[in-house]
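**Student:** Quick one, fold the following:
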Amino acid sequence: MTSFKVGILGATGAVGQKFIRILENHPWFKITALGASSRSAGKLYEEAANWIESTRMPDGVKSLTVLECTSNHFDEVDFVFSGLDSSVATEIETDFAKAGIPVISNAKNFRTDPTVPLLIPEVNPDHIEMIREQRFTADGSGWIVTNPNCVAVPLTTSLKPLYDAFGIESVVVTSMQAISGAGYPGVPSLDIMGNVIPFIGGEESKIRQEPLKLLGKLKDGAVRYADFPVQATATRVPVINGHLLSVTVSLKRKADQDEIINVMKSWGSPIHDLDLPSAPKFPLKIFDDPRYPQPRLHADSEGGMQTAIGRIRQAHVMDVSYIAMAHNTVRGAAGGAVLNAELLVKKGFLK
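**Tutor:** As a prediction, the model looks like this:
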């Protein structure tokens with residue numbers, strides 16, 4: 001496999017640091033450039049970053065000089081991962097795409113763009129074809145791909161088998177979101193310790209909208225969104241990693257509990273034969289024990305890339321209820337973007 005030179009935008013932030021940790025020993029991708037704000041530019045990375053990962057800072061990045069996030073400073077990379085804040089992502093990511101540098105982004109800014117794939121490889125790998133509709137460069141060398149919101153990932157992955165087998169009429173979801181999802185320094189300790197915050201600004205609209213694009217059908221280069229309502233309530237809970245969701249679904253074709261469980265257990269990933277380094281062997285883990293999944297016990301399963309599901313049961317209101325959970329900063333952020341890049345390599349969009 002060809003080795004790719006990779007840049008990271010927003011490298012000093014929480015998501016940028018997660019990219020660095022995940023890519024430390026990646027067999028295909030080598031970090032060769034790090035970008036951050038003008039406050040950090042010009043410094044060595046070990047001086048610029050307040051390292052918050054639980055593992056040591058990789059030696060390979062310590063002595064890299066942090067660059068400003070402009071495409072002319074990254075002319076020797078093959079593509080970039082973006083962990084940029086949404087307040088600056090639109091301008092910077094556009095600059096890179098127009099310079100012919102592909103961008104694989106964790107930011108929300110382009111997720112609803114009609115020509116930009118919003119991608120979960122196990123759910124909608126065919127959506128990468130939307131790249132061909134982008135016009136950042138005349139020759140198509142520059143483009144943007146995004147990964148979804150950290151709740152939309154486990155929600156959509158868990159809905160996929162049900163949507164394919166039965167169709168969906170409506171969804172009600174309550175998220176119990178870990179504090180790492182708020183970045184660093186995150187939620188003040190006096191607000192979250194021994195407490196639950198029943199609102200996260202800007203979150204519920206993403207949970208409502210993004211699954212509909214992800215489950216949509218690609219036709220003539222455009223996505224026809226899935227057509228069902230999602231009622232979302234987003235809460236913050238005193239858990240470090242792992243977003244836990246309580247999901248209730250109304251199905252178009254009614255089914256009993258055993259059939260639903262069998263469909264979810266027998267679901268097969270469409271990318272299982274591609275041998276992508278970050279792809280979990282079992283992207284869905286179905287627990288029979290009603291005590292599971294739990295963030296502390298299961299968020300790191302399969303390198304943090306697995307979606308865990310439990311308490312599948314017939315609902316007294318609507319049709320089926322269950323619990324879903326995934327690691328928010330790995331599967332729901334940097335790890336998901338790395339998996340997207342691996343798929344893009346295999347499909348020939350990165351070469």
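
**Student:** per-residue confidence for the closest residue to Gln306 other than its chain neighbours?
**Tutor:** The spatial neighbour of Gln306 that comes closest, neighbours along the chain excluded (C-beta to C-beta, 6 or more residues apart in numbering), is Pro280 at 4.7 Å. Placement of C-beta: from N, CA and C, glycine included. What the model reports for Pro280 is a pLDDT of 97.

**Student:** helix or strand for Pro280, which one?
**Tutor:** Counting by DSSP states H and E, there is no helix or strand that carries Pro280.

**Student:** hey, where'd the helices end up in the chain?
**Tutor:** Secondary structure of the chain (DSSP state H): helices located at 14-23, 45-48, 59-62, 86-98, 152-166, 189-192, 203-214, 257-266, 295-298, 301-304, 335-346.

**Student:** Would you format these as a markdown table with mean neighbour count included?
**Tutor:** Formatted as a markdown table, the helices of the chain follow (neighbours: other C-beta atoms under 10 Å):
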| stretch | mean neighbour count |
| --- | --- |
| helix 14-23 | 24 |
| helix 45-48 | 17 |
| helix 59-62 | 15 |
| helix 86-98 | 18 |
| helix 152-166 | 24 |
| helix 189-192 | 12 |
| helix 203-214 | 22 |
| helix 257-266 | 15 |
| helix 295-298 | 17 |
| helix 301-304 | 20 |
| helix 335-346 | 24 |
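
**Student:** can you list the ones you listed in CSV and add distance to Val249 and mean pLDDT?
**Tutor:** Rendered in CSV, the data for the helices of the chain read as follows (distance: least, C-beta to C-beta, whole Å; pLDDT from 0 to 100):
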stretch, distance to Val249, mean pLDDT
helix 14-23, 30, 97
helix 45-48, 45, 97
helix 59-62, 43, 96
helix 86-98, 30, 97
helix 152-166, 6, 98
helix 189-192, 29, 97
helix 203-214, 11, 98
helix 257-266, 9, 97
helix 295-298, 21, 98
helix 301-304, 23, 97
helix 335-346, 23, 98
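
**Student:** Where does the prediction get shaky in this structure?
**Tutor:** Per-residue confidence for the chain (pLDDT under 70) gives these ranges: 1.

**Student:** how does it divide into domains?
**Tutor:** Under the assignment automatic domain parsing, the domains of the chain span 4-149+334-346, 152-327.

**Student:** residues of stretch 163-181 that come out buried?
**Tutor:** By neighbour count with 16 or more other C-beta atoms under 10 Å, stretch 163-181 contains the buried residues 163, 165-166, 168, 171-181.

**Student:** Out of these, flag the one nearest to Arg296.
**Tutor:** Ala178 (10.2 Å; C-beta to C-beta).

**Student:** Wait, the closest one touches Pro295, no?
**Tutor:** Yes: under the criterion of C-beta atoms under 8 Å, Ala178 is in contact with Pro295, at a separation of 6.5 Å.

**Student:** can you list residues touching both of those two?
**Tutor:** Shared contacts of Ala178 and Pro295, defined by C-beta atoms under 8 Å, 6 or more residues apart in numbering, comprise Val239, Ile240, Asn241, Gly242, His243.

**Student:** quick one: which of those residues is nearest to Ile128?
**Tutor:** Minimum distance to Ile128 across those is 25.2 Å, recorded for His243 (C-beta to C-beta).
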